[in-house]
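Visitor: Fold the following, please.
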Amino acid sequence: MSDFEIQMSGEGATGPEDSAKEEQATEIAPKVGEYPKGVRLALIVTALALSIFLSALDITIVATAIPKITDEFHGLDKASWYGSAFFLTSGSFQASWGKAYKYFDIKWTFLSAIVVFELGSLLCAVAPNSNALIVGRAIAGAGSAGMTPGGYIIIAYVVEPVKRPTYTGIIGLSYCLASVVGPLVGGAITTTTTWKWCFYINLPVGAVTVFIVLFFFRTSSIVKPITATWTEKFLQADFVGVALILGALVSYSLATQYGGKTEAWNSSTIIGLLVGFVLLVAVFAAWEWHAGERAMIVPRLLMQRHVATGSLFAFFFAGSYFLTIYYLPIYFQTVDGASPIISGVDTLPLIIASAVAVISAGLFISKTGYAVPVQVASAIITTVGAGLLLTLNLGTPTGNWIGYQIIAALGWGAGFQIPVTICQALAKPTDIPSLTAIILFFLNIGGGLLINGAQSALVNTLISTLPTSAPDVDPSLLISTGALEIRSVFPEEQIPGILEAYMKVLITGCSDGGIGSELAKQFAARGYQVYATVRTPSKAASLVGVSGVEVLELEVTSTESIAACATEVDRCTGGTLDVLINNAGADFVVPFLDVSLEQAKQLYDVNVFSIIGVTQEFAPMLIKAQGCVVNFSSIAGVYSSSKAAAKQISECMRTELAPLGVRVITGIIGAVQTPIHQRAGDLVLSEGSYYQNLRDHINEVRKGTTKPGAVDVASVCKTIVSDVDGEKRGIVWRGGTAAAVRFLSWLLPNGLWESVVNKGRGLEQVVKPAEK
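Guide: Below you'll find the model as predicted:
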C-alpha cells in the first residue's frame, strides 16, 4: 500500500498483538448483512450528525454571543474562558471516553455523554455570573468529549468500510457547518432574545438525538465491549492522565490570562505557571508511556506514523480554524460596528465554502481511496487563506474578507475529517474508539491552547498600544469593558484611539472641499486617527471638531515645516505611522513656452519634490509600522510634465520601499468635482505667444469648467480608502474618465493616442510662425 492510499476493503491494518482481554472483543467488522439499511440507517446517521452538530455548535455559538456576555458580566478579562473551558475538558476527557466505548456498550456510553452535555448546557443557560458560566462550559465540554468520538465510532460500525469516507464526510460536514453556522445562530439569538438561549437550544435538540438512538440504534451482536473487572475499567479510564493533562492546560490558561495584565511576564507567578505547564506535560508523557495499554493516549497507537502525523495535523489545523471562528465575529462587531446577527451573516462564506469542500473531499476519497494528497492540499490552501485573513484591517473591502474566508474554508472543509478517516481505515476494529479519541484529543487541545494564546496576544497588544493611540484611556478599564460596550462606555473622542489599538494616517493638502479633506473624513469614519495637514489651518475649517481628526500645519515645500510636523506626529503616535497620503498639489495650466522658470520650479516643488521630502521625513515611522504610502498623479500626466514626473517618482519609490515592508500606491486620478480650480484667474498671454488662439480653452481648463465625466469627490475617496485597507499596491486608476484613459492609452497606437490627446487640448489651433 502506498503512502498516499488508504484501505477501504474493511480489513484493518496489521499491528502489534493486543492483550488477552482485547482478544475477547471483535476482531472483524460486522458482516454486510448486519449493517442497518434504509430509513433506520438514515435516522441513525441523522442522530449522529445532530449530536456532533450540537457538540460543534456549542464550541462556536458563543463566538457572536461573547460581546453580549461580556457586557452582562462586565468584562473582557474572562472572555477566552467561555471558549477554552469547553476545549480544556473536551480535550482532557476525549481519550477516556474512547476507552469507555471500548469497555462499555457503545449505545449507553453515547447516551451518557449526551446527558452530561445537556446538564452542562442547562447550567450555562441559568448561570448568574461568569464563573458559573465557565463551570457549565467545562461540564458541557466533558460531555462533548464523549459525543464527538461517539458519533465517529458508531459510524464506523453501522456503515460498510467502502462507504465510510462518504458518511464520515457527512459527519464532518455536520461538524464544520455547526462550527461556522454557530456565530450566525448566536448572532440571531443574541439580537432577538437573550444569549442564554444559545444554551437552552441544546436541550430539545439533544432530546431528539437521545430518542432516535434509544429506539432505532441497536448495538451489533459482534461489537461487544471488552470483558474486564470494574477495577480494570477504572484503570483503563486513566484518571491520573486526565488530571495531569488538565492541570497542564489550566496552568497554561492561567499564565496566558494573567501574563502582561495583572502579572508581568517575568514575574514568579507567570514563570511558575509556565514551568508547571511544561513539567506537567513531561510527567503526563512519562505516565502515558508507563501506563501502556491503560493510557488515555496509548503509546502503541500514537507511535504509528499515520496516527502521529494525523494528531499533529489535527492540533494545528483546529487551532487555526477555531481562532478564526472566535475572532472574526469580534472583528466584525468591534472594529466594523456590525450587529451580532450581521456579524454572523458575514461569516456565511465560511459556511458555504466549507460545506462544498467537505462533501467533495469525502466523495473523492470514497471513490479513489486517496486521502493524503487531499490532506496536503487542504493544509496549503488553509495556510494561504489564514494568511489573507491576517490582513483584515479597519475598513477592509467586503470583497476581500469574503474571498479570504472562502479560500481558508475550502482548506478547512477538505481537511478536517481526513485524520479520522485515515486512522479508522487503517485500524483494527477494536482500536477504532481509541484512535478516534486520540485524534479528537489533539484537535480539541489545539483549539483550546491557541485560543488562550490568541486572547493573551490581543489583550497585551491593547495594553502596549493604548498609551500612544489613546493615552487618556485606562487599559484596565478597556479590558474589563464588554466588546459592544466600548462605544457607550468611552467618550466619542476616545473611540478612534481605542480602535487603533484593536491605525494612523497623515494626509497632506486637506483644504476644505478637496480630496484630502474628504479622505480625512472617510478614514476617521473607519476608525483611523487622522492627521490632516494643510498650509493654512483656517482653510480646513470643515475638519475642526471631526472625531478622530487632528489638523496640523504643514508647508510641503519647506523642510523645516516638514520636520516640525514629523516631530509632532512622532510624539502623538509613539513613532509609528500606518499610512502617508501625499495629496498636496498645485494646478498650474500654462503653455510650456509661456511659463517662467520660477513658476515651473514652484509647480515641481509642490507636485514632485514634496513627495520626496515628506516621504523621507516620515519613512522611519512608516517602516516601523510596515505601512503604506499613497502618491497622487493624474490622467493629465499624458500632457502635464509634473504629473508624469510624480507618477514615475512614485513607482521608483514603490520598488525601493518594498524590501523595507512599505507598500506604495500610485493613484492616477481622473476628473473629480473639487473646488481646486476656483481660485484660478484668467491667463494673460503675451502678445507674441504662439498659443493666443488657445487662451479661452486654456482658461476653461484652469477654472475647471470643462471636466467631462467628473465624479463626486466622496465616491473617489471611498475607493481610495478601500485601496489602502485592501492592501493594494502599484498603480490604480480612480475618478471620472480614468478607466477610459487607461484603456485607450493601452489600445491605441502611440501616434493615434497622441493625436487624440492633442486634439482634446486644442493644439490644432496653434498658429505657426509662417501663418502669422
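Visitor: now the stretch 451-600 of the chain, which segments are flagged as low pLDDT?
Guide: 459, 461-502, 527, 587-590, 594 (pLDDT under 70).
Visitor: can you rerun that using 80?
Guide: 451-503, 525-527, 545, 547-548, 572-574, 586-596 (pLDDT under 80).
Visitor: need the strands for the stretch 651-772 of the chain, in chain order.
Guide: Counting by DSSP state E, counting those that start in this stretch, the stretch 651-772 of the chain has strands at residues 663-669, 672-673, 711-712, 730-734.
Visitor: Out of these, which gets nearest to Ala457?
Guide: Closest of the strands of the stretch 651-772 of the chain to Ala457 is strand 663-669, at 24.1 Å (criterion: CB to CB). Glycine gets a C-beta too; all of them are placed from N, C-alpha and C.
Visitor: follow-up on the earlier one: need the strands of the stretch 651-772 of the chain in CSV (columns: mean neighbour count and distance to Thr347).
Guide: Formatted as CSV, the strands of the stretch 651-772 of the chain follow (neighbours: other CB atoms under 10 Å; distance: least, CB to CB, whole Å):
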stretch, mean neighbour count, distance to Thr347
strand 663-669, 23, 28
strand 672-673, 21, 36
strand 711-712, 16, 33
strand 730-734, 17, 29
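Visitor: which of those has the lowest average pLDDT?
Guide: Within the strands of the stretch 651-772 of the chain, confidence is poorest for strand 672-673, with a mean of 76 (mean pLDDT).
Visitor: for that one, packing partners?
Guide: On a contact count with 3 or more CB pairs under 8 Å, 6 or more residues apart in numbering; DSSP states H and E, strand 672-673 meets strand 711-712, helix 713-725.
Visitor: Give me the buried stretch members for the last one, please.
Guide: This means helix 713-725. 713, 716-725 (16 or more other CB atoms under 10 Å).
Visitor: What is the distance between stretch 572-579 and the centre of its chain?
Guide: Distance of stretch 572-579 from its chain centroid, counting by CA atoms, centre = their mean, to the nearest Å, is 24 Å.
Visitor: what comes into contact with that stretch?
Guide: If you take CB atoms under 8 Å, 6 or more residues apart in numbering as the criterion, stretch 572-579 is touched by 467-469, 503-506, 523, 528-529, 531, 550, 569, 618, 620-622, 624-625, 627-630, 724.
Visitor: picking up where we left off before, and the buried residues of helix 713-725, which is closest to Asp346?
Guide: Distances from Asp346 to those, taken by CB to CB, are shortest for Asp725, at 15.6 Å.
Visitor: Now do the helices in the stretch 151-300 of the chain.
Guide: 164-192, 197-200, 202-216, 230-236, 239-258, 268-291, 299-302 (DSSP state H, counting those that start in this stretch).
Visitor: what mean pLDDT would you report for the fourth one?
Guide: Spelled out, that is helix 230-236. Helix 230-236 carries an average pLDDT of 80.
Visitor: helices or strands up against that helix?
Guide: Helix 230-236 packs on helix 94-103, going by 3+ CB pairs under 8 Å, 6+ apart.
Visitor: Which elements pack onto the helix it packs on?
Guide: Looks like helix 94-103 contacts helix 106-125, helix 130-158, helix 230-236, helix 239-258, helix 432-469 (3+ CB pairs under 8 Å, 6+ apart).
Visitor: Report the angle between that helix and helix 106-125.
Guide: 150 degrees (axes from the mean of the first three to the mean of the last three CA atoms, to 10 degrees).
Visitor: for Leu254, what are its contacts?
Guide: Leu273.
Visitor: try Leu274
Guide: 251-252, 255.
Visitor: can we see that at 6 Å?
Guide: Ala255 (CB atoms under 6 Å, 6 or more residues apart in numbering).
Visitor: ok so, going back, closest to Tyr35 out of the helices and strands packed on helix 94-103?
Guide: helix 130-158 (6.1 Å).
Visitor: List the buried residues in that closest one.
Guide: 130, 133-134, 136-158.
Visitor: and what of stretch 371-378?
Guide: Those would be 371-372, 374-375, 378, for stretch 371-378 by 16+ other CB under 10 Å.
Visitor: can I see the domain layout of this protein?
Guide: 29-237+296-459, 238-295, 493-740 (automatic domain parsing).
Visitor: that older thread, right, and out of the buried residues of helix 713-725, which lies closest to Ile562?
Guide: Nearest to Ile562 among the buried residues of helix 713-725, with distances taken as CB to CB, is Val724, at 21.6 Å.
Visitor: dump the residue contacts of that closest one.
Guide: 579, 628.
Visitor: Same question for the one 5 residues further on.
Guide: By CB under 6 Å, 6+ apart, the residues touching Arg729 are Arg663.
Visitor: From Val372, how far off is Val162?
Guide: 18 Å (CB to CB, to the nearest Å).
Visitor: no no, Val39
Guide: Distance from Val39 to Val372, by CB to CB: 36 Å.
Visitor: The helix or strand harbouring Val530 pairs with which strands, parallel or anti?
Guide: Here Val530 sits within strand 529-534, counting by DSSP states H and E. Its sheet considered, strand 529-534 pairs with strand 504-507 (parallel), strand 549-553 (parallel) by DSSP bridges.
Visitor: would CSV of the ones you listed with mean neighbour count and distance to Thr229 be doable?
Guide: Output for those, formatted as CSV (neighbours: other CB under 10 Å; distance: least, CB to CB, whole Å):
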stretch, mean neighbour count, distance to Thr229
strand 504-507, 27, 69
strand 549-553, 20, 76
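Visitor: Reformat the ones you listed as CSV; add distance to Glu598.
Guide: Shown next, in CSV, are these (distance: least, CB to CB, whole Å):
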stretch, distance to Glu598
strand 504-507, 28
strand 549-553, 25
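Visitor: got a pLDDT number for the residue nearest in space to the middle of the chain?
Guide: Centroid-nearest residue in the chain: Leu389, 3.8 Å away (criterion: CA atoms, centre = their mean). For Leu389, the pLDDT comes out at 87.
Visitor: Repeat that for Ala738.
Guide: The model's pLDDT for Ala738 equals 75.
Visitor: For it, give me its contacts.
Guide: 635, 668, 670.
Visitor: Could you rerun that using 7 Å?
Guide: 635, 668-670 (CB atoms under 7 Å, 6 or more residues apart in numbering).
Visitor: Ile515 is nearest to which of the helices and strands packed on strand 672-673?
Guide: helix 713-725 (6.0 Å).
Visitor: Give me the mean pLDDT for the closest one.
Guide: Helix 713-725 comes out at a mean pLDDT of 85.
Visitor: Equivalent analysis for stretch 57-65, please.
Guide: pLDDT averaged over stretch 57-65 gives 73.
Visitor: Convert the C-alpha atoms of it to PDB, please.
Guide: Provided in PDB are the C-alpha atoms of stretch 57-65 (Å, rounded to 0.1, in the frame of the first residue of the first chain):
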ATOM      1  CA  LEU A  57     -22.300  24.300  17.600                       C
ATOM      2  CA  ASP A  58     -21.600  24.700  21.300                       C
ATOM      3  CA  ILE A  59     -18.000  25.500  20.600                       C
ATOM      4  CA  THR A  60     -18.800  28.400  18.300                       C
ATOM      5  CA  ILE A  61     -22.300  29.600  19.100                       C
ATOM      6  CA  VAL A  62     -20.900  31.700  21.900                       C
ATOM      7  CA  ALA A  63     -18.500  33.400  19.500                       C
ATOM      8  CA  THR A  64     -21.000  36.100  18.500                       C
ATOM      9  CA  ALA A  65     -22.600  36.000  21.900                       C
END
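Visitor: Could you number the chain from 17 rather than 1 from now on?
Guide: Sure thing, new numbering starts at 17, so read that last one as stretch 73-81.
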